[in-house]
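1. okay, sequence plus prediction incoming.
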Amino acid sequence: MVLSEGAQAPQFSLKDSQGVVHSLADYEGQTIVVYFYPKDDTPGCTKEACSFRDSYQDFKDAGVEVIGISPDNEKSHNKFINKYELPFTLLSDPEHEVCEAFGVWGPKKYMGREYEGVNRTTFVIGPDGKIKRVFEKVKPDDHSQEVLAAVKA
């Protein structure tokens with residue numbers, strides 16, 4: 001079950017595309033957007049990442065950091081970042097432990113096939129580490145604008 005607004009965000013430590021470990025504690029005292037997505041360089045995930053890329057300066061101006069998390073490995077993230085010039089951090093959760101802690105790992109269906117995977121979900125985490133907003137069943141195209149409006153409100 002997806003974590004709800006008001007819940008304390010689970011602590012985590014994951015590697016970025018360069019193998020550097022990032023922890024939720026590193027962002028204490030600031031608002032962050034953590035978006036979970038299924039797979040690097042796929043149509044929906046690319047639209048979502050590029051949407052955050054195109055709005056990234058607006059997030060920075062609002063004092064908000066953006067972080068993407070998927071089960072892809074560091075090498076995959078590095079290629080994805082370079083291909084689309086993504087200015088924000090992507091973290092690798094290959095064992096989907098963080099995805100499970102946030103409640104975004106679960107059953108999915110695609111073309112009649114059922115499997116386990118990441119359900120596209122975004123969390124706005126406040127300076128106190130509590131979840132301020134949750135966006136489920138995200139539509140990738142203009143999602144960053146929806147999140148930006150929420151962090152500015």
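-> Arrived safely, thanks for sending.

2. only C-alpha atoms for contact and neighbour calcs from this point on.
-> OK.

3. nearest the middle, which residue of the protein would you pick?
-> residue 35 (1.8 Å; C-alpha atoms, centre = their mean).

4. correct me if wrong: residue 7 contacts residue 130.
-> Yes - counting by C-alpha atoms under 8 Å, residue 7 does reach residue 130; the two are 5.6 Å apart.

5. which one of those two has more residues nearby?
-> residue 130 (18 against 12; other C-alpha atoms under 10 Å).

6. which phi and psi does the more buried one have?
-> phi -100, psi 150 (degrees, to the nearest 10).

7. tell me which residues of the lowest-mean-pLDDT helix or strand in the chain come out buried.
-> Taking mean pLDDT, DSSP states H and E as the measure, strand 105-110 is the helix or strand of the chain with the lowest mean score, a mean of 87. By 16 or more other C-alpha atoms under 10 Å, the buried positions in strand 105-110 come out as residue 105.

8. just how off-centre is that strand within its chain?
-> 17 Å (C-alpha atoms, centre = their mean, to the nearest Å).

9. just give me the neighbour total for the closest residue to the residue nearest to the centre of the chain other than its chain neighbours.
-> If the residues on either side of it in the chain are set aside, residue 35 comes closest to residue 122, at 4.1 Å by C-alpha to C-alpha, 6 or more residues apart in numbering. By other C-alpha under 10 Å, 24 other residues sit near residue 122.
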